[in-house]
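Asks: I would like to see how this sequence folds:
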Amino acid sequence: MRDLLKRTNFSQNAIYIGFLMIFLIFSVALYDDGFLTRFNLFNIVQQAAPITIMAIGMVFVLTSGEIDLSIGSIVAVTSLVTAVILRSQPWPVALVGGLLTGAVIGGINGALVSYGRLPSFLITLATMGILQGVARRLTDLQPVPIQNETFNSIFGSGAIGGIPSLIIWTIVATLIGWFSFRQTRYGAHVHATGDS
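Replies: Prediction:
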């Protein structure tokens, strides 16, 4: 047991231990309120899904020694672009439009940091402000509901085999992120960039 404790690096596992302790506390304190029910646990994971997927991308950014403050604004603009395109186009076109929007914005940020030799903190701070203005201008501060049932079923409130689609997308994104980060040359380059 003593050898096991010596091999365990608590500083690296503190976040997991903390999460487990919080989960246990809520499980005991809210047991009678249905905290451990399947519906509630699925709901928690669904609510955390967008943040989880953004965090996967941020792992690569932070590992390379950079930071991205604009990720929330990028998600907002790409979501709005997708919703606006869905008003008049099929959902695959809207999906591609949203993904291209995010890729172009990320490419501009990356080019300014890599080739312009500008601090990522300043670039993404500026991008965050610009994109907030673009999002407001794009919708005139009005909500843009997505009424395409197929899109909502695949990327929103739908389920596949009784499992909410958001949970499935989170698992897929996590597996792709883990594989890219740990098993590919690209992941090794990200580590090397951050170490240098």
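Asks: which residue ranges form the strands in the protein?
Replies: Per DSSP state E, the chain carries strands over the ranges 159-160, 163-164.
Asks: out of those strands, the one nearest residue 73 is which?
Replies: strand 163-164 (26.4 Å; C-beta to C-beta). For the C-beta atoms, the positions are set from N, CA and C on the backbone; glycine is no exception.
Asks: so what touches that closest one?
Replies: 42, 45-46, 157-158 (C-beta atoms under 8 Å, 6 or more residues apart in numbering).
Asks: again with stretch 179-186
Replies: By C-beta under 8 Å, 6+ apart, the list of residues contacting stretch 179-186 reads 59-60, 63, 187, 190.
Asks: sorry, back to before: tabulate the strands of the chain (TSV), appending distance to residue 180, mean neighbour count and mean pLDDT.
Replies: Below are the strands of the chain laid out as TSV (distance: least, C-beta to C-beta, whole Å; neighbours: other C-beta atoms under 10 Å; pLDDT from 0 to 100):
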stretch	distance to residue 180	mean neighbour count	mean pLDDT
strand 159-160	24	12	80
strand 163-164	24	15	83
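Asks: of all those, which one is nearest residue 28?
Replies: That would be strand 163-164 among the strands of the chain, by C-beta to C-beta, at 26.0 Å.
Asks: would you list the buried entries among the contacts of strand 163-164?
Replies: 42, 45-46 (16 or more other C-beta atoms under 10 Å).
Asks: with adjacent residues omitted, what lies nearest to the residue nearest the centre of the chain?
Replies: The chain has residue 54 as the residue nearest its centroid, 1.6 Å off, counting by C-alpha atoms, centre = their mean. The spatially closest residue to residue 54, leaving aside those adjacent along the chain, is residue 71, at 5.5 Å (C-beta to C-beta, 6 or more residues apart in numbering).
Asks: against residue 87, how distant is the one you found?
Replies: Taking C-beta to C-beta, to the nearest Å as the measure, residue 71 falls 26 Å from residue 87.
Asks: okay, the two: which has more neighbours?
Replies: More crowded of residue 71 and residue 87, by other C-beta atoms under 10 Å: residue 71, with 20 against 12.
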